[in-house]
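Asker: 3D, please:
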Amino acid sequence: MSWPARLVGVALALAVVLAGVAGMARGADAAVAAACGSWLALLAQVAAVALLRPAMGARAPEFMRGWLAGMAVRGASLLLLAGLMVLLRAAFPVLWMAVGYLGVLLPLLFLETRFLR
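Answerer: Numbering: from 1, shown residues only. Next up, the predicted model:
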C-alpha cells in the first residue's frame, strides 16, 4: 500500500473517532467542527510528508529544506485553523475544532517516520 493511502487511512480513522466523541459530547455542530479540524490536519500532514519524502536520502542542506518546508506547511495550517476559529466561532464550537486538529496532527507526527520509509 502506498504511503498516502496509509496516512489517509490512519487520519480518517482518527477523525471518525474524534467526530464521534464530539458528536456524543456536544452534538452535531461539535462533530462537524472536529471533522473540519481533522481535515485541515490531514491536508497539512500529507503536504508536509510529500515535501520531505524526496529529500530523505539527500545531503543535509537538501534534507533541511524539505523538513523546513514541511514545518512551514504545518505552521500555515495552524494559522488557517486560527482564522477558521475566528470566522466560524458563532457556528461551531472552536474547542472541538482544535481537538480535531490536534487529535489528528499529533499522532500523525509521531507516526511520520513510518510514512517516510
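Asker: So which residue is smack in the middle of the chain?
Answerer: Among the residues of the chain, the one closest to the centroid is Ala41, at 1.7 Å (CA atoms, centre = their mean).
Asker: That one and Val10: what is the separation?
Answerer: Separation of Ala41 from Val10 (CB to CB, to the nearest Å): 11 Å. Every C-beta, even on glycine, is put in place using the N, C-alpha and C of the backbone.
Asker: which residues are common contacts for those two?
Answerer: Listed as contacting both Ala41 and Val10 by CB atoms under 8 Å, 6 or more residues apart in numbering are Leu108.
Asker: What are the boundaries of the strands in this structure?
Answerer: Shown for the chain, no strands are assigned by DSSP state E.
Asker: Go through stretch 34-54 and flag the buried ones.
Answerer: Under the neighbour-count criterion of 16 or more other CB atoms under 10 Å, stretch 34-54 has 34-42, 44-53 buried.
Asker: repeat for stretch 57-75
Answerer: So for stretch 57-75, counting by 16+ other CB under 10 Å, buried means 66, 70, 73.
Asker: Just to check, Val73 is in contact with Val46?
Answerer: No - counting by CB atoms under 8 Å, Val73 stays clear of Val46, with 9.3 Å between them.
Asker: hang on, the earlier thing: among the buried residues of stretch 34-54, which lie within helices?
Answerer: Within those, residues falling in helices by DSSP state H are 34-42, 44-52.
Asker: where in the protein is pLDDT low?
Answerer: Across the chain, residues meeting the criterion (pLDDT under 70) sit at 115, 117.
Asker: Thanks a lot, see you next time.
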